[in-house]
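Chemist: Okay, sequence plus prediction incoming.
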Amino acid sequence: MKGLRLVARIGTLLVLSLLFAMPATARPVMVGYFPAFKGLEAGLAATPIAHYTHINVAFANPDASGALAKDGIMTCMGGGANGAVSIAELRDAATRLRAKGAKVLLSVGGGHIPGCSGDWAALLATDARAAIIAQMLATIDAAGLDGIDIDIEGKLLTAIDRQGDYTPFIAALSKALKAKGKLLTVATASYEGGMIPVASVRYFDLVMPMSYDAIGPSWGQPGAEHSTYAQAERDLALWRARGVRPERLVLGVPFYGYGFGALAPGGGFNDLFARHGDAVLSVDLIGPACAGCDYITFNSPATLKRKAELARARAGGVMVWEITQDTGDQLLAGTIAAALLPAVAN
């Protein structure tokens, strides 16, 4: 009996050692940006979100004093019933979105900072950042949100980092959010001058490279595509090399396309599908991609499926900009979900 007990104990220790040696596996995430600026209530009513694990409501910015909200109204966040979004509308949105199983975050900043915003660079300086962090915490508490998403991009990001304020801000915000059990995520470009600094990486729960916009209305190489599979591969490799753990790395994909020449400006996939029909289901181009040509560059469901499979193999999930550009039956979201986690996609 003693020998049997010893064998059983050794077996138990072996099992435990194997369990601790194996990396923890988590269900892949599917993050969707919800553009409140298009109309919060209308968007909520018209947009199914069944497949998403996280919804980032975009975008909020502080006023010149650093306040995100005053008297129950967001100071610089359009899309509410009376123009600006109210805290009550955010709380209602969070309740409705969370009922579908998603965590709901407030996304701050944006690719184009509106005129109503204060100067982020000044507001994140050493003597000012505590106040804006307090504002963020108060806002998500009042609205019942699950965290903050940072979407400070391009030249503004670079300026803040060069003055030495980006990583200290993120570190302080992360500490404050974690004390409340809240999330901190970030969207980032993957080019020099548009990337979050490596020093800040460890503070984010999710790092989401925006693997799109390689070409647009006024930038990029004429004739190029704006979001290729090869770009997705490069971006995931880049951020793995920059220290992002695979389970925290989330591949950004587009639900829109850019048009050039006679096919400008492009549009959301739902619009492209309505105009071009089944032609958009298996290819990523309408027209020939060349300088001076008439063409639209986008991601078809076939390409999004491949990207989701790539993200499942090399990262922790997929991020979508933005969910209202899907078809009414969630063709794109359903395609991604089925590839990310086939067993539970339906």
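Modeler: Nice, I can see it.

Chemist: what's the span of stretch 136-149, first residue to last?
Modeler: 11 Å (CA to CA, to the nearest Å).

Chemist: Leaving out the residues flanking it, which one is nearest to Glu89?
Modeler: Gly80 (5.2 Å; CB to CB, 6 or more residues apart in numbering). Bear in mind the C-beta positions are built from the backbone N, C-alpha and C, glycine included.

Chemist: mind checking how far that neighbour is from Ile73?
Modeler: Per CB to CB, to the nearest Å, Gly80 is found 8 Å from Ile73.

Chemist: One more: Asp213?
Modeler: Noted for Asp213: a distance of 32 Å to Ile73, by CB to CB.

Chemist: again, but for Gly292
Modeler: Using CB to CB, Gly292 is found at 48 Å from Ile73.

Chemist: The two - which one has more neighbours?
Modeler: Ile73 (16 against 8; other CB atoms under 10 Å).

Chemist: what sits against that one?
Modeler: Gly80, Ala84, Val85, Ser86, Ile87 (CB atoms under 8 Å, 6 or more residues apart in numbering).

Chemist: Of those, which is the nearest to Ala122?
Modeler: Of all those, Ala84 has the smallest distance to Ala122: 22.3 Å, by CB to CB.

Chemist: what about that closest one, neighbour count?
Modeler: Quick note: Ala84 (other CB under 10 Å) scores 17 neighbours.

Chemist: and what of Gln231?
Modeler: 19.

Chemist: in the protein, which segments are predicted with low confidence?
Modeler: Within the chain, the stretches with pLDDT under 70 are 1-25, 343-346.

Chemist: that older thread, need the residues touching each of Gly80 and Ile73.
Modeler: Joint contacts of Gly80 and Ile73 (CB under 8 Å, 6+ apart) are Ser86.

Chemist: and Phe260, how far is that from Asp284?
Modeler: Phe260 is 14 Å from Asp284, by CB to CB.

Chemist: Which of these two has more residues huddled nearby?
Modeler: Phe260 (23 against 20).

Chemist: what's the nearest residue to that one if we skip its chain neighbours?
Modeler: According to CB to CB, 6+ apart, the nearest residue to Phe260 is Tyr295 (5.7 Å).

Chemist: do Cys290 as well
Modeler: Using CB to CB, 6+ apart and skipping the chain neighbours, the partner closest in space to Cys290 is Gly223 (4.3 Å).

Chemist: number of nearby residues for that neighbour?
Modeler: Neighbours of Gly223 under the rule other CB under 10 Å: 15.

Chemist: which stretches of the stretch 201-346 of the chain form strands?
Modeler: 206-209, 250-254, 256-260, 266-268, 285-286, 295-297, 317-321 (DSSP state E, counting those that start in this stretch).

Chemist: The fourth one pairs with which strands, and in what direction?
Modeler: Strands flanking strand 266-268 in the sheet, each with its direction: strand 256-260 (antiparallel) (DSSP bridges).

Chemist: Would you mind pulling the contact partners of the partner strand?
Modeler: In contact with strand 256-260 (CB under 8 Å, 6+ apart) are residues 215-217, 222, 226, 264-269, 272, 293-299, 321-322, 325.

Chemist: of those residues, buried ones?
Modeler: For the contacts of strand 256-260, a neighbour count by 16 or more other CB atoms under 10 Å gives the buried set as 215, 226, 266-269, 272, 295-299, 321-322, 325.

Chemist: What is the most widely separated pair among those residues?
Modeler: Farthest pair in the buried ones among the contacts of strand 256-260 (CB to CB) is Tyr295 and Glu322. Separation: 22.5 Å.

Chemist: And Met319, how far from Ile160?
Modeler: 22 Å.

Chemist: So those two - more neighbours on which side?
Modeler: Applying other CB under 10 Å to Met319 and Ile160 shows that Met319 carries more neighbours, namely 28 against 21.
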